[in-house]
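Chemist: A predicted structure for the sequence below; I have some questions about it.
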There are 2 protein chains.
Amino acid sequence: MPAYDPSAFPPFAVTVDLVVLTVRRHALCTLVVRRGEAPFQGRWALPGGFVRAEEDLGAAAARELVEETGLCAYDPAAPAPVPSNGAHLEQLATYGAPDRDPRMRVVSVAHLALAPDLPAPRAGGDANSARWAPVEELLGEDAAAGAGGGGAGTLAFDHSRILADGVERARSKIEYSSLATAFCPPEFTVGELRRVYEAVWGVALDPRNFHRKVTGTPGFLVPAGGTTTRQGGRPAQLFRAGGATLLNPPMLRPEV
Amino acid sequence: MPAYDPSAFPPFAVTVDLVVLTVRRHALCTLVVRRGEAPFQGRWALPGGFVRAEEDLGAAAARELVEETGLCAYDPAAPAPVPSNGAHLEQLATYGAPDRDPRMRVVSVAHLALAPDLPAPRAGGDANSARWAPVEELLGEDAAAGAGGGGAGTLAFDHSRILADGVERARSKIEYSSLATAFCPPEFTVGELRRVYEAVWGVALDPRNFHRKVTGTPGFLVPAGGTTTRQGGRPAQLFRAGGATLLNPPMLRPEV
DNA sequence: ATCATAGTCGTCTCCCTGACGATAAACACG
DNA sequence: CGTGTTTATCGTCAGGGAGACGACTATGAT
């Protein structure tokens, strides 16, 4: 085995790609930007960019998140003071197939961000080249776009795979953590939280059992001023996310 | 935002580091190698190495695994034919703090490998510079080594963090998947599987309830010839891993 | 023969969950 | 102003799974 030689290593570019998920109009959506350049020109892609020379991976992801959405990533270690435009950010996985970028060897550290519903995307200054796309539309949950897998509306590079991995991570993680509150504004109702679960999982949940589960789990929700708001029918109690991060026992998504 | 310019990117080195876990003598152990060079010379570190120019990340990890242990990583997609010296291999996370290697900017894609108990480590030809170290000894589950966190026996670089993340991944993943069988030989008894859980979680489990759970979960275990073996008392039935990869409902580790 | 060690089968109770009835509090109508 | 609709919230009930154990079985060690 060759010795660890700092001067003889293959040159890599390292980027971060972002899977930014939100719930809009009862559907799970992700932020995509239109490519203006050579490979996959005109196709939609996940936002991302190069990691700078003296920048940590998480910092690069947070920087890209601000540039693309204006969202401020909050540290999971921090206590309650979540800014109103805060988003959950975590590392997802790293993708480095030799041919994933035809121009050169690029290793991309994908990150997953969960954000509450936002007014409109602003692509770092360039408008209309970014949008919230329903995940179902991009992934075609039902075997999209004929043979080969490279359907019409599929994302550039291996971004479809990255998106699929990010969505699956989000779907499984809200089972056993309180992460679903990251999709909600600072104060929210039980019904709003339930609609988040329904949108992410793509299923319908029983309102009564859901209410019992989330209000009965200590530390999950704390009443926020006991106030109410309206969204249709009877006013609902407002909550904010409690300190608990782990849901035990978990709330398993219904099978089949 | 600067355009995607392939010729102007900061130079990175990309490596893979391996958290190879196994269960030896009732204890969760990991493979560590002794560093012979400049930074952290003489300290123990996780095995790893550079990703080659035309090599996929997973391939690089599998190559390192063979070089260090002789273990052959099997693809999770593959069916039953698991080689006797096969190991589970999956990507863990990527670590890229700017100062994690004092010599240059190195981004390391850590991987997690789970292997059955092996005779003895062979460090790619170099013996006695590799060993199976009990995880508890390396991580000091009980706030090891005074202040600062850089205790006496701690690993080089940020490898203690990587190891901790890998161990936590393994601990949580055997809850809801059949991954614990990766620590066992192709044929094993329920008691051996239980001792794996006990070693990984560091708890004692009720043999009766454990037996009921694993034999009652369809697809988890399949009887292997109905044969028996001895390990002390009454002979036990032999099983091999079934096709099921997900455990539903999960087997949650006891709290506190 | 007796003991120690493991494996395996049962039982009992508690808690959680899914299914679903019932009530409450707002709004949109006519 | 009543009625219907929508949503929130509380209750009830049956079934399943898990923790706590008792009991029995089949080996080897003494």
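Modeler: It's in.
Chemist: what ranges do the strands span in the stretch 51-200 of chain A?
Modeler: Applying DSSP state E, counting those that start in this stretch to the stretch 51-200 of chain A gives strands spanning A:72-74, A:86-95, A:106-114, A:130-134.
Chemist: let me know which of those is tucked in deepest.
Modeler: Highest mean neighbour count among the strands of the stretch 51-200 of chain A (mean count of other C-beta atoms under 10 Å in any protein chain shown): strand A:106-114, with a mean of 26. Just so you know, the C-beta spots here come from the backbone N, C-alpha and C atoms, and that holds for glycine as well.
Chemist: just the C-alphas of it, formatted as CSV.
Modeler: Listed next in CSV are the C-alpha coordinates belonging to strand A:106-114 (Å, rounded to 0.1, in the frame of the first residue of the first chain):
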residue,chain,number,x,y,z
VAL,A,106,-16.6,16.1,-9.1
VAL,A,107,-17.6,14.8,-5.7
SER,A,108,-20.8,16.3,-4.4
VAL,A,109,-21.7,16.3,-0.7
ALA,A,110,-25.5,16.4,-0.8
HIS,A,111,-27.4,18.1,2.0
LEU,A,112,-31.0,18.0,3.0
ALA,A,113,-32.9,21.1,4.1
LEU,A,114,-36.4,21.1,5.5
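Chemist: just to revisit the earlier point, TSV for the strands of the stretch 51-200 of chain A, including distance to DNA strand D and mean pLDDT?
Modeler: Formatted as TSV, the strands of the stretch 51-200 of chain A follow (distance: least, C-beta to the nearest atom of the strand, whole Å; pLDDT from 0 to 100):
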stretch	distance to DNA strand D	mean pLDDT
strand A:72-74	26	86
strand A:86-95	23	96
strand A:106-114	21	98
strand A:130-134	20	93
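Chemist: which bits of the stretch 151-256 of chain A sit near chain B?
Modeler: Contact residues, the stretch 151-256 of chain A versus chain B (C-beta under 8 Å from any C-beta of the partner chain): A:248-250, A:252, A:255.
Chemist: before we move on, the earlier item: next, format the strands of the stretch 51-200 of chain A as TSV and append distance to A:G202.
Modeler: Listed next are these as TSV, based on distance: least, C-beta to C-beta, whole Å:
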stretch	distance to A:G202
strand A:72-74	26
strand A:86-95	20
strand A:106-114	16
strand A:130-134	11
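Chemist: right, and those strands - which one's nearest B:E168?
Modeler: Across the strands of the stretch 51-200 of chain A, B:E168 has its closest neighbour in strand A:86-95 (14.1 Å, C-beta to C-beta).
Chemist: flag every buried residue along the longest helix along chain A.
Modeler: Of all segments of type helix in chain A, defined using DSSP state H, the longest is helix A:159-176. Of the residues in helix A:159-176, A:159-167, A:169-171, A:173-176 count as buried by neighbour count, 16 or more other C-beta atoms under 10 Å in any protein chain shown.
Chemist: hey, where'd the helices end up in the stretch 1-150 of chain A?
Modeler: Applying DSSP state H, counting those that start in this stretch to the stretch 1-150 of chain A gives helices spanning A:57-69, A:135-139.
Chemist: any chance of the ones you listed in CSV, plus distance to A:P185 and mean pLDDT?
Modeler: Converted to CSV, these look like this (distance: least, C-beta to C-beta, whole Å; pLDDT from 0 to 100):
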stretch, distance to A:P185, mean pLDDT
helix A:57-69, 15, 95
helix A:135-139, 21, 95
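Chemist: any chance of a markdown table for those, columns distance to chain B and mean neighbour count?
Modeler: Converted to a markdown table, the helices of the stretch 1-150 of chain A look like this (distance: least, C-beta to the nearest C-beta, whole Å; neighbours: other C-beta atoms under 10 Å in any protein chain shown):
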| stretch | distance to chain B | mean neighbour count |
| --- | --- | --- |
| helix A:57-69 | 4 | 21 |
| helix A:135-139 | 20 | 19 |
